[in-house]
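Enquirer: sequence and predicted structure are below.
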Amino acid sequence: MKLLGTHTSPYVRKVRLVLLEKNIPHEYVIDPPGEPGSLVLQVNPLGRIPALILDDGFCIFDSSVIADYADTLNDAPVLIPRADPLARLRVKRWEALADGIMDSAIVVRNESLRPEDKQNQATLDMHNLAVTQALDYAARLLGGHEWCEGEAITLADLALISALLYLDLRQSGRDWRSAHTNLAGWFLRISARPGVIESTQG
């Protein structure tokens with residue numbers, strides 16, 4: 001299978017981390033949708049990344065859908081609980097929280113790229129506040145636990161670290177580590193996992 005994406009997309013990183021954590025063979029192809037001749041535009045009607053092309057040419061799009069599919073391919077490890085509907089719900093809620101951080105951080109990034117006199121301050125304030133509130137909530141939910149959910153790594157952890165890495169990339173002035181020391185400690189430990197290291201090196 002072939003994963004189309006870019007290094008800077010937090011949604012792509014989330015999917016890459018799922019594939020890497022589960023040791024699922026795949027080819028990672030840098031393919032910005034805005035570039036002429038992008039394969040993404042040919043296989044995904046939405047023209048977005050990530051896009052996962054299976055060996056038979058079938059394309060899966062949307063990071064949550066790809067992560068759900070990839071987790072069914074093997075049990076080493078199971079990243080989305082299967083037997084307990086409430087446990088699955090909790091993991092997927094973590095993913096939604098992390099994706100929401102990504103969503104708002106991207107809005108802030110795009111708005112900030114506009115000429116200063118064209119920027120909408122209300123939009124910046126609203127989405128920066130959403131990130132702050134989501135981080136506060138994540139820190140309270142994590143508490144002193146080793147993992148976001150349960151007794152082992154799940155999609156919740158991979159989604160959250162993808163969001164935090166994106167904040168480090170695009171909002172380097174946001175000192176979330178000082179505000180949430182438990183998240184900082186969790187981040188340091190998760191960052192040492194081989195898949196996370198590989199995803200940050202290209």
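Expert: Great, that's in hand. Numbering: from 1, shown residues only.
Enquirer: give me the residues contacting the helix or strand that residue 130 is a member of.
Expert: Residue 130 belongs to helix 121-142 when assigned by DSSP states H and E. Helix 121-142 is contacted by residues 94, 97-98, 100-101, 104-105, 107-108, 111-112, 148, 160, 167, 171, 174, 176, 179-180, 182-183, 186 when judged by CB atoms under 8 Å, 6 or more residues apart in numbering. Yep, even glycine has a C-beta here, placed from its N, CA and C like the rest.
Enquirer: which of these count as buried?
Expert: By neighbour count, with 16 or more other CB atoms under 10 Å, these hold 94, 97-98, 100-101, 104-105, 107-108, 111, 148, 160, 167, 171, 174, 176, 180, 183, 186 as buried.
Enquirer: which of those residues fall in helices?
Expert: 94, 97-98, 100-101, 104-105, 107-108, 111, 160, 167, 176, 183, 186 (DSSP state H).
Enquirer: which members of these are the farthest-apart pair?
Expert: Across these, no pair lies farther apart than 111 and 186, at 29.2 Å, counting by CB to CB.
Enquirer: distance check, the residue of the chain most remote from its centre against residue 15.
Expert: Going by CA atoms, centre = their mean, the residue of the chain most distant from its centre is residue 117, 31.2 Å out. Residue 117 is 37 Å from residue 15, where distance means CB to CB, to the nearest Å.
Enquirer: residue boundaries of the strands in the chain?
Expert: Taking DSSP state E, the strands of the chain run over residues 2-5, 27-30, 51-53, 59-61.
Enquirer: now do residue 8: how many residues are near it, please.
Expert: Residues lying near residue 8 (other CB atoms under 10 Å) number 12.
Enquirer: please apply the same query to residue 120.
Expert: Residues near residue 120, counting by other CB under 10 Å, number 11.
Enquirer: residues contacting the closest residue to it other than its chain neighbours?
Expert: Closest residue to residue 120 apart from its sequence neighbours, by CB to CB, 6 or more residues apart in numbering: residue 111 at 6.2 Å. Listed by CB under 8 Å, 6+ apart, the contact set of residue 111 reads 119-120, 123-124, 127.
Enquirer: residue 3 now?
Expert: 12, 15-16, 19, 26-29, 50-53.
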